[in-house]
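A.B. asks: Model the following, please.
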Amino acid sequence: MKCLVVIAHPLADSLCHALARSVVETLSAAGHEVVVEDLYRSGFAPALGAAERQSYYGARFDDSALRGHIDRLLAAEALVLVFPTWWFGFPAILKGWFDRVWAPGIAYDHADDLGPIKPRLHHLRHTLAVTSLGSPWWVDRLLLRPVRRVLKTALLGTCAPACRFEMLSLYRAEQLEPARVRAFRLRIERLLSRW
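C.D. replies: Numbers count the residues shown, from 1 in each chain. All right, here's what the predicted structure looks like:
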């Protein structure tokens, strides 16, 4: 499959980058075609500009500054997102990637009456979110796993409803022993080996 791996962490020596390397190695070893989109390294600008926002409901979304990002998303049959969960949400750069790249005419179409949107990412078969959190698991559950809900229901549920979604969360990431990191990497490898 054509796999897009999107990394959203500013530090190259971070846990997220180490986990992303495991993702890329596992997918490549299985024979998948892998494209890496490191949002910080590429200098992705997360802010939705005025012209882009005005074009959201126009005849065509202004994608002139985003063509490469859009092409990579549209070519992907599988998507892996690797990011830290900060304040129980996405890093701003990843949220901006959704705002700017998952746009009308690309990820979905507006309904004529502006009712429920119509999905366009029919080619996307698998999505895996790999994230780290400083909090323990029960705090995420207490808050009803907000990042998982947004990804599964709001984004994939409306733009790629046939896509299989899975999420692996590494809790208490600021107090990690090497054995926990190894065990988490094995979970990633086992899950991706089923693709």
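A.B. asks: Now do the same for the residue sitting furthest away from the middle of the chain: its pLDDT.
C.D. replies: In the chain, Asp113 marks the outermost C-alpha relative to the chain mean, sitting 29.1 Å out by Cα atoms, centre = their mean. At Asp113, the model reports a pLDDT of 82.
A.B. asks: now it: how far from Pro161?
C.D. replies: Look at Asp113 and Pro161: by Cβ to Cβ, to the nearest Å, they are 20 Å apart. For every residue, glycine as well, the C-beta is placed using N, CA and C.
A.B. asks: bridging residues for the residue minimising distance to the centre of the chain?
C.D. replies: Most central in the chain under Cα atoms, centre = their mean is Leu81, positioned 3.5 Å from the mean C-alpha point. Per DSSP bridges, the residues bridged to Leu81 are Val6, Ala129.
A.B. asks: Show me where this protein has its strands.
C.D. replies: 2-7, 33-38, 78-84, 108-109, 118-119, 126-132, 164-170 (DSSP state E).
A.B. asks: looking at this structure, which helix or strand is least sure?
C.D. replies: Ranked by mean pLDDT, DSSP states H and E, the weakest helix or strand in the chain is helix 137-142, scoring a mean of 78.
A.B. asks: Could you check stretch 122-130 and say which residues are buried?
C.D. replies: For stretch 122-130, a neighbour-count test (16 or more other Cβ atoms under 10 Å) marks 124-130 as buried.
A.B. asks: same thing with stretch 132-146?
C.D. replies: Buried, per 16+ other Cβ under 10 Å, within stretch 132-146: 132-133, 135, 140, 145.
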